[in-house]
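# My questions are about this predicted structure, shown below with the sequence.
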There are 2 protein chains.
Amino acid sequence: MAASNSRKKISESTIHRLSLYYRVLSVLEKENHQTVSSRELAKREKLTPAQVRKDLSFFGSFGTRGLGYPVSELKKQIGDILGLNRLWNVALIGVGNIGSALVGYKEFLRQGFRIRVIFDNDQRKIGSNHKGIKVSDIRNLERDLRENNIEIVVIAVPATVAQYIVDDVVHAGIKAILNFAPVNLKVPSDVFLRNENMSMELEYLSFALSNLQNGRGTIKKEVS
Amino acid sequence: MAASNSRKKISESTIHRLSLYYRVLSVLEKENHQTVSSRELAKREKLTPAQVRKDLSFFGSFGTRGLGYPVSELKKQIGDILGLNRLWNVALIGVGNIGSALVGYKEFLRQGFRIRVIFDNDQRKIGSNHKGIKVSDIRNLERDLRENNIEIVVIAVPATVAQYIVDDVVHAGIKAILNFAPVNLKVPSDVFLRNENMSMELEYLSFALSNLQNGRGTIKKEVS
DNA sequence: TAGCATTTGTGAATGAATTCACAATCGTTA
DNA sequence: TAACGATTGTGAATTCATTCACAAATGCTA
């Protein structure tokens, strides 16, 4: 009866905030801070100290009362939780606007995401090298995903074909997909799909500017 | 006392979902649907009918009982709420990886966001034309923002200089900023700032793959 | 025009996330 | 080693978001 196995859900927001903490801790580490309090950590990402402590407490007790959290140690811990203390083999599908940008995006590299192979259907691009990464024919998708031990696939193709591509990707056994196409894709429930909707935040700004607003970005609405 | 003016907050999530509805409605319009039910609308974006109705109800009664919502009419209404039935003058700062991708991103165009001017500090780029848009010297920021009637500024510069740039942008009187640099920027409370953190979702996938998971992406955690 | 099948709009109920508030604990100093 | 200031870790309280559930409408059919 002692070590019972209850379980606790970790919310998506908590995970996203872990990313923020990780980012701040990287900076703090470079600035040679030994420890950091939940107060300081919160301040740097516009959150509350209580939230920082609660988030971290889901995963363990990393701090020291009276002192705060050890910067490097906590960074390592969060890195372990997020799976950032290792390399990930990533494939990119589609080298258009967005695709090309992602290939050169240093932030991905720094976090261990390595684009090992790029797929496209444009014969002019296939076979060429895009910033040192070979461009494969989309027709060899399954084979080249396997050959490169790809674990995560990034979709950067037009919305109209994204579903077909994803179907193939799923069929090839990939379990994690990041989608940049502005469309809602269907995948089996054992596949992780995340969407990056680049115009959503721009639309939020458009909304904010269009409506009477208070300072902090909280939008209010008249009601009779 | 009759027409009192209470106010209701609209949550950020609701606004983001409006973007999704807008997207689906655009598709439905093209597919020549006359009406759509909350059920169908929900299905297309993996939400619940109740949520769709509740979201819309914050802004008015757009539907007809027994029938559903008129597609074109609802699209127009949401467009009005989000401020998408007009053009926005946008400036882009930084034409590196991300910046270049954004210039060619058709989704922005379709939604009425027009990049009127691009700023950079690279003398080789300044004066040239980037996909038809002139590249200005960052030193003329204030002047050229004003001359182009810019309302929204997109930041795509390295994290290390982003805060300086934003300070100048704020000083020039801009009230809406979309930031792609992976850093938390400080702005006065009357300026809307939104962040686009491109590695956050990738990190979520990394987390999901790293942890034992159930099918639907809900991550659980052992507790003793 | 009456009856039926639908579907909205919305208070009430529920569930989830955030914040509060404080006991527990640590490092430091005298 | 005792007293103090600081800060964590965490149940409880609160706030916020989602879902439920049903009356009110509507179109359609006969």
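Here it is on my side, so go on.
# Tell me the residues on chain A that lie near DNA strand D, please.
Counting by C-beta under 7 Å from any atom of the strand, chain A comes close to DNA strand D at A:37-39, A:49-50, A:53-54, A:56-57, A:61-69. Any C-beta I mention is one placed from the backbone N, CA and C, and that applies to glycine too.
# Identify each buried residue in stretch A:180-200, please.
A:180-185, A:187, A:191-200 (16 or more other C-beta atoms under 10 Å in any protein chain shown).
# Return the subset of those residues lying in strands.
Among the buried residues of stretch A:180-200, the ones falling in strands (DSSP state E) are A:192, A:193, A:194, A:195.
# Show me the subset of the residues of chain A next to DNA strand D that also lies near DNA strand C.
A:50, A:53, A:54, A:64, A:65, A:66, A:67.
# Out of these, grab the one that's most surrounded.
residue A:53 (18 neighbours; other C-beta atoms under 10 Å in any protein chain shown).
# show me what contacts it?
By C-beta atoms under 8 Å, 6 or more residues apart in numbering or on different chains, residue A:53 lies in contact with A:38, A:63.
# Check residue A:146 too.
Here residue A:146 is in contact with A:172, A:173 (criterion: C-beta under 8 Å, 6+ apart).
# so it sits in a helix?
Yes. Secondary structure of residue A:146 (DSSP: H, G, I helix; E, B strand; the rest coil): part of a helix.
# Now do it against residue A:83, distance only.
As for residue A:146, its distance to residue A:83 is 21 Å (criterion: C-beta to C-beta, to the nearest Å).
# Could you do residue A:165 as well?
On the measure of C-beta to C-beta, residue A:165 and residue A:83 end up 25 Å apart.
# Neighbour count: those two, which is higher?
The residue with more neighbours, out of residue A:165 and residue A:83, is residue A:165; 24 against 18, by other C-beta under 10 Å.
# hang on, that one packs against residue A:156?
No. Residue A:165 is not in contact with residue A:156 according to C-beta atoms under 8 Å; the separation is 9.9 Å.
# okay, and the common contacts of those two?
A:93, A:94.
# SS state for residue A:118?
strand.
# Near it, how many other residues are there?
29.
# Quick check: bridge partners of it?
residue A:92, residue A:135 (DSSP bridges).
# if we can go back for a sec, what's the closest of the ones in strands among the buried residues of stretch A:180-200 to DNA strand D?
residue A:195 (15.4 Å; C-beta to the nearest atom of the strand).
# Give the burial count for the residue nearest to the closest one when sequence neighbours are not counted, as a bare number.
Leaving aside its sequence neighbours, residue A:195 sits nearest to residue A:179 (C-beta to C-beta, 6 or more residues apart in numbering or on different chains; 5.0 Å). Counted by other C-beta under 10 Å, the residues lying close to residue A:179 total 24.
# Quick check: mean pLDDT of stretch A:27-45?
Across stretch A:27-45, pLDDT averages out at 97.
# first vs last residue of that stretch, how far apart are they?
12 Å (C-alpha to C-alpha, to the nearest Å).
# Pull out the buried residues from that stretch.
So stretch A:27-45, judged by 16+ other C-beta under 10 Å, has buried residues A:28, A:29, A:35, A:36, A:37, A:38, A:40, A:41, A:42, A:44.
# all strands of chain A, in order?
Using DSSP E, strands in chain A cover A:6-10, A:35-36, A:69-70, A:88-93, A:113-120, A:129-130, A:133-137, A:152-155, A:176-179, A:192-195, A:219-223.
# Identify, out of those, the most deeply packed stretch.
Comparing the strands of chain A by mean neighbour count (mean count of other C-beta atoms under 10 Å in any protein chain shown), strand A:152-155 comes out on top with a mean of 26.
# can you list contacts of that strand?
Residues contacting strand A:152-155 (C-beta under 8 Å, 6+ apart): A:88-94, A:102, A:113, A:115, A:145, A:162, A:165-166, A:169, A:174, A:176-181, A:185, B:202, B:205-206, B:209.
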